[in-house]
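Visitor: I need the structure of the sequence given here:
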Amino acid sequence: MSLDRNADDRLTVEIFIQPGFSELELSSVIAVLRAANEILSRDRFSWQVTSDSPGFVNSRSELIARADPTIGDQFLRDCLFVVAGTGAPREGWMRRLRAMQKLQRRVVLLSEASREYVKASNLEDGSATAHWRDAALLREVGNGPALSDHLAQEKGSIVTCAGEGYTVEAVIGVLADVLEAWECAEIASLLVVENVRGFAHPQPRGMSDNTNLFEKRLQKVVQLMEHNIEVPLRLADLASQVGLSPRHLERLFTVYLNTTPARFYKKIRLKKAHTLVTGTHISLIEIALASGFLTAPSFSQAYKAEYGETPTQIRRKRMGA
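Guide: This is a model prediction of the structure:
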């Protein structure tokens, strides 16, 4: 579903934000729209930041944006971007999404909003995507067993998107409906984006997918760690699968990552555990086992060492919030 064009060829955009929004996503949307106007030498795109918590809205990093109020499903624009906040209610932007759907106008849901949309819609046909971290969580709890692994997924007028660092490319992809290819290329060049990946490009699966940041053998070992969390592999097994001795593998970790394989592996497992602790209601003993810890006490101790509080304390705070 492409963007609608106004009679005068101008396009209006609403950027809906909530407390705890991603400042990266908000600034990326605005940066692309501003760059488009700059290369076109006219204000073809106009935008308004709105919220169901209008006024000064804090991002997840405590940066502040000013947002105008929304009124139900009134005063809709040609395109709606949703930059939802962590833990914020979805009813406000879902109401506007449904109204936009009826008018067949484009709606782009970025990371947090994509996750909440999947949870609310119980999609089982692969017609939506979410940030890979959220997608794994949604599959774990049964909300999105058939989620797409694409960077963005379009169905009708709705685009679900990984968001975060992909937001610039996603916005360029949306504007491609109304701009020439050379204009999109010039926007990307102006923003120093070397390669605009299409919606169907697969998302990275973890840190090991960033091939330029690791020595090749380290990349393979990190990949093995990420794929074997529930039953961690022994150091000797990791080393043998990349053709190294355990001592040589330890040396590589020290030189390139300034840590040991065991500590790095534990950090990966605790990161998975933290996602489950903060994003699901799965019992802590199940999370411990899913993260490669044999007992709840050993898990709790390691978790507190990494995050400063026990999983139980984190859960209680979130319930209070």
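Visitor: show me what counts as buried in the helix-or-strand element of the chain with minimal mean pLDDT.
Guide: When the helices and strands of the chain are scored by mean pLDDT, DSSP states H and E, helix 132-141 comes last with a mean of 77. Neighbour-count burial for helix 132-141 flags 132-138, 140 (criterion: 16 or more other C-beta atoms under 10 Å). Heads up, the C-betas are built off the backbone N, CA and C, glycines and all.
Visitor: next secondary structure after it?
Guide: strand 152-155 (DSSP states H and E).
Visitor: show me what that following strand is packed up against.
Guide: strand 158-161 (3 or more C-beta pairs under 8 Å, 6 or more residues apart in numbering; DSSP states H and E).
Visitor: show me what the strand it packs on is packed against.
Guide: strand 106-110, helix 112-121, strand 152-155, helix 167-175.
Visitor: and the contacts of stretch 34-49?
Guide: 9-15, 17, 26, 29-30, 33, 65-68, 77, 175, 179, 183, 186-187, 190-191 (C-beta atoms under 8 Å, 6 or more residues apart in numbering).
Visitor: show me which of those residues are buried.
Guide: 11, 13-15, 17, 26, 29-30, 33, 65, 67, 77, 175, 179, 183, 186-187, 191.
Visitor: those in helices, which ones?
Guide: Applying DSSP state H to these, the entries found in helices are 26, 29-30, 33, 175, 183, 186-187.
Visitor: and of these, the nearest to residue 316?
Guide: Using C-beta to C-beta, residue 26 comes nearest to residue 316 of those, at 30.9 Å.
Visitor: read off the pLDDT value for the residue nearest to the closest one when sequence neighbours are not counted.
Guide: Spatial nearest neighbour of residue 26, excluding adjacent residues (C-beta to C-beta, 6 or more residues apart in numbering): residue 83 at 5.2 Å. For residue 83, the pLDDT comes out at 98.
Visitor: likewise for residue 315?
Guide: Value listed for residue 315 in the pLDDT field: 88.
Visitor: pretty sure it sits against residue 277.
Guide: Yes: applying C-beta atoms under 8 Å as the test, residue 315 and residue 277 come out as touching, 6.5 Å apart.
Visitor: returning to that earlier point: pull the most distant pair out of the buried residues of helix 132-141.
Guide: It's 132 and 140 that sit farthest apart of the buried residues of helix 132-141, by C-beta to C-beta, at 12.7 Å.
Visitor: run a quick neighbour tally on the residue nearest to residue 159 when sequence neighbours are not counted.
Guide: Closest residue in space to residue 159, ignoring its immediate chain neighbours: residue 108 at 4.6 Å, by C-beta to C-beta, 6+ apart. Burial of residue 108 is recorded as 27 neighbouring residues (other C-beta atoms under 10 Å).
Visitor: who are the contact partners of residue 108?
Guide: 79-82, 159, 161, 170-171, 174.
Visitor: and with 7 Å instead?
Guide: Counting by C-beta atoms under 7 Å, 6 or more residues apart in numbering, residue 108 touches 81, 159, 161, 170, 174.
Visitor: quick one: the strands in this structure?
Guide: 11-17, 45-51, 55-58, 64-69, 79-83, 106-110, 152-155, 158-161 (DSSP state E).
Visitor: using CSV, write out every CA atom in stretch 267-284.
Guide: What follows is stretch 267-284, C-alpha atoms only, in CSV (Å, rounded to 0.1, in the frame of the first residue of the first chain):
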residue,chain,number,x,y,z
LYS,A,267,27.4,-12.5,29.7
ILE,A,268,25.6,-13.8,26.6
ARG,A,269,23.5,-16.2,28.7
LEU,A,270,22.6,-13.5,31.3
LYS,A,271,21.5,-11.1,28.5
LYS,A,272,19.1,-13.8,27.3
ALA,A,273,17.9,-14.3,30.9
HIS,A,274,17.4,-10.5,31.4
THR,A,275,15.2,-10.3,28.3
LEU,A,276,13.0,-13.1,29.8
VAL,A,277,13.0,-11.7,33.3
THR,A,278,11.9,-8.2,32.1
GLY,A,279,9.7,-9.1,29.2
THR,A,280,7.8,-12.3,30.2
HIS,A,281,6.0,-13.9,33.2
ILE,A,282,8.0,-17.2,32.8
SER,A,283,9.0,-18.5,36.2
LEU,A,284,12.6,-17.8,37.3
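Visitor: any chance you could list what contacts that stretch?
Guide: Under the criterion C-beta under 7 Å, 6+ apart, residues 133, 137, 140-141, 225-226, 229, 232, 287, 290-292, 296, 299, 302-303, 306-307, 311-312, 314-315, 318 lie in contact with stretch 267-284.
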